[in-house]
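Q: how would this look folded up:
(chains A and B)
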Amino acid sequence: MLELHFIRTNKERVLQGLKIRNFTGEELRVVDEVLQLDDTRKDTQTELDSILAERNQLSREIGGLFKAGKKEEAEAMRRRVSELKERASGLEEKLKATVEALNEALYTIPNIPHESVPAGNTDSDNEVYKPWPGELPQLESGALPHWELAQKYNIFDLELGTKITGSGFPLYRGKGARLQRALISFFLDEAVKAGYEEIMPPLLVNEDTARATGQLPDKEGQMYTVERDNLYLIPTAEVPLTNIYRDVILEEKDFPIKLTGYTPCFRREAGSYGAHVRGLNRVHQFDKVEIVQFQHPDRSYNTLYEMLAHVEGVLQKLELPFRILRLCGGDLGFTSALTFDFEVYSAAQERWLEVSSVSNFETYQSNRMKLRFRDGKSTRLAHTLNGSALALARIVAALLENNQTPEGIVIPKALQAYTGFSRLD
RNA sequence: GGUGACGUGGGUGAGUGGCUGAAACCACCGGUUUGCUAAACCGGCAUACUCUGAAAGGGGUAUCGCGGGUUCGAAUCCCGCCGUCACCGCCA
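A: Prediction:
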């Protein structure tokens, strides 16, 4: 969530940012509401504190009086303290209710977009930050979309996944399964080479964890839940990886902290069906290697571009045509200040598929998480960033389609050491 | 899942109702001494909120796993939850 201090001292910027996110005049009122609630909170806190201070003072005196054997005086004082206690408990309730209302309001305010974020409503307003410089691949007539290639080569099976679980849970087999494993290892190795520490985190997380990275309450419907144990299946490795540093105070010399992890990702993705979600285009379970960084606020944007370059490098090694988009205000994730999406061109479907999203959250997540670092005498919130490097399912889709030949599917050179075969047939 | 023990600051670890935000030691930071290093000595060393001040700073409140309760007063007593460890049960 946004820092109260920031809202207070940069109100105009906050309002401006929310407008970029297409907040209406009505919706903008939440900013004033937050500031008013915070005023109430402060006043209540101050009043309560002074009552408690008096209580503590009197209690100390009572102790002295008892020791001195002055029973009557002590009794009189006790009655005074009782009165104070009643007033205090009323204020405590008010304080609690105010803080709750304040947090609720704060949770409805998304991150303020970075100044470079273009205005816009939908994904069609996203800016092409880096177009694909060459020609887009053209397939010969008779080229198949990946779901048909899957049948032809028996590499994954959606119907079997449906039989076992439900739609959107693909089952990979044979060389298809091997290709998955190869991509995961390749992506992890690339990240480790770039200085990221490899983590294998839990796949189920608790409520605190889901709240800290912003899945709760903003995207509650996106996650699968294990109600009996009050746990959530992770929608991305970002959640457990970032939460490693929840409630931690770092030293400045700790920066940057770079983590990577492979996990399956589970997403309910309620909504649209049809051609755009066929095959592996959108599934409920997919594999992804994530990169996460924790950085000093002054350097986080350099880090963002470094992460962009990393993803670019990996895609180049896979020899896939891709472009980079800068998300517009309307398409920007709730917790992000600036996001770049990577899209890979899928030649058989003749459309771009999103395979990575790289974001700087600035202090939005770290404020929820209380992730700070020591800055002289005080503490400051760190910046958190993350990106996919990369998401498998759509990479596989593009790989299969773009590399199909009459002799089978050609495996990119960089991947052959991992697959153990150079052609999938 | 059952039974038992335990949960104190970065670490070890004192502390069973008041003067304990918390001893001592270690680690860490600053300084003195030393030709350098080491040692010794002195000082500092939690977080959040808040009031005050131009600032340096000063005051207050809360926090000893979490949440309730008892009491004038709780790290200390009571209840619930969570976690750790040990043993048993189950088990890849």
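
Q: next, count neighbours for whichever residue of the stretch 201-350 of chain A sits closest to RNA strand B.
A: Using C-beta to the nearest atom of the strand, the single residue of the stretch 201-350 of chain A nearest to RNA strand B is A:Ile249, 5.9 Å away. Using the backbone N, CA and C atoms, a C-beta is placed for each residue, glycine as well. Applying the criterion other C-beta atoms under 10 Å, we find 14 residues in the vicinity of A:Ile249.

Q: now it. Nearest residue, chain neighbours left out?
A: Nearest residue to A:Ile249, sequence neighbours excluded (C-beta to C-beta, 6 or more residues apart in numbering): A:Arg372, at 5.0 Å.

Q: can you check A:Gln416 too?
A: With C-beta to C-beta, 6+ apart as the criterion, A:Gln416 has its nearest non-adjacent residue at 5.1 Å, and that residue is A:Ser422.

Q: contacting residues for that neighbour?
A: Taking C-beta atoms under 8 Å, 6 or more residues apart in numbering, we find A:Ser422 in contact with A:Val410, A:Ile411, A:Gln416.

Q: let me know the pLDDT of it.
A: With respect to pLDDT, A:Ser422 scores 96.

Q: need phi/psi at it.
A: For A:Ser422, the backbone dihedrals are phi -100, psi -10 (criterion: degrees, to the nearest 10).

Q: and for A:Arg8, the neighbour number?
A: Neighbours of A:Arg8 under the rule other C-beta under 10 Å: 14.

Q: ok, A:Thr40 next?
A: Neighbourhood size, A:Thr40 [other C-beta under 10 Å]: 17.

Q: OK, contacts around it?
A: Contact criterion C-beta under 8 Å, 6+ apart gives A:Thr98 as the residues in contact with A:Thr40.

Q: tell me the spacing between it and RNA strand B.
A: 11 Å (C-beta to the nearest atom of the strand, to the nearest Å).

Q: could you list the low-pLDDT ranges of chain A?
A: For chain A, applying pLDDT under 70 flags the ranges A:270-275.

Q: how about the residues of the stretch 101-250 of chain A by RNA strand B?
A: A:Ile249 (C-beta under 7 Å from any atom of the strand).

Q: tell me where the stretch 101-250 of chain A has strands.
A: Along the stretch 101-250 of chain A, the segments classed as strands by DSSP state E, counting those that start in this stretch run A:127-130, A:156-157, A:171-172, A:197-199, A:204-205, A:225-226, A:231-233, A:249-250.

Q: of these, which is nearest A:Ala398?
A: Closest to A:Ala398 of the strands of the stretch 101-250 of chain A, according to C-beta to C-beta: strand A:156-157, at 14.3 Å.

Q: other SSEs contacting that closest one?
A: With contacts taken as 3 or more C-beta pairs under 8 Å, 6 or more residues apart in numbering; DSSP states H and E, strand A:156-157 sits against strand A:171-172.

Q: who does the strand it packs on pair up with?
A: Paired neighbours of strand A:171-172 in the sheet (DSSP bridges): strand A:156-157 (antiparallel).

Q: how is chain A divided into domains?
A: If you go by automatic domain parsing, the domain ranges for chain A are A:4-107, A:123-424.

Q: any chance of TSV for the contacts of A:Ser422, columns distance to RNA strand B?
A: Putting the contacts of A:Ser422 into TSV (distance: C-beta to the nearest atom of the strand, whole Å) gives the following:
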residue	distance to RNA strand B
A:Val410	38
A:Ile411	32
A:Gln416	32
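
Q: helices - which of those residues land there?
A: Applying DSSP state H to the contacts of A:Ser422, the entries found in helices are A:Gln416.

Q: ramachandran angles for the residue nearest to A:Ser116 when sequence neighbours are not counted?
A: Once flanking residues are discounted, A:Ser116 sits nearest to A:Leu338: 6.5 Å by C-beta to C-beta, 6+ apart. Dihedral angles of A:Leu338 (phi, psi; degrees, to the nearest 10) stand at phi -150, psi 130.

Q: I'd assumed A:Pro118 was in contact with A:Leu338.
A: No. Here A:Leu338 lies out of contact with A:Pro118, judged by C-beta atoms under 8 Å, at a distance of 10.8 Å.

Q: what residues does whichever strand or helix holds A:Ala414 touch?
A: Following DSSP states H and E, the helix or strand that holds A:Ala414 is helix A:413-419. For helix A:413-419, contacts defined as C-beta under 8 Å, 6+ apart pick out A:175, A:178-179, A:181-183, A:185-186, A:317-319, A:411, A:422.

Q: go again using 7 Å as the cut-off
A: Contact with helix A:413-419 is made by A:Arg178, A:Leu179, A:Ala182, A:Ser185, A:Phe186, A:Lys317, A:Leu318, A:Ile411, A:Ser422, as judged by C-beta atoms under 7 Å, 6 or more residues apart in numbering.

Q: what's around the nearest residue to A:Val314 once chain neighbours are set aside, how many residues?
A: Excluding its sequence neighbours, the residue lying closest to A:Val314 (C-beta to C-beta, 6+ apart) is A:Glu190, at 5.3 Å. Counted with other C-beta under 10 Å, the neighbours of A:Glu190 add up to 21.
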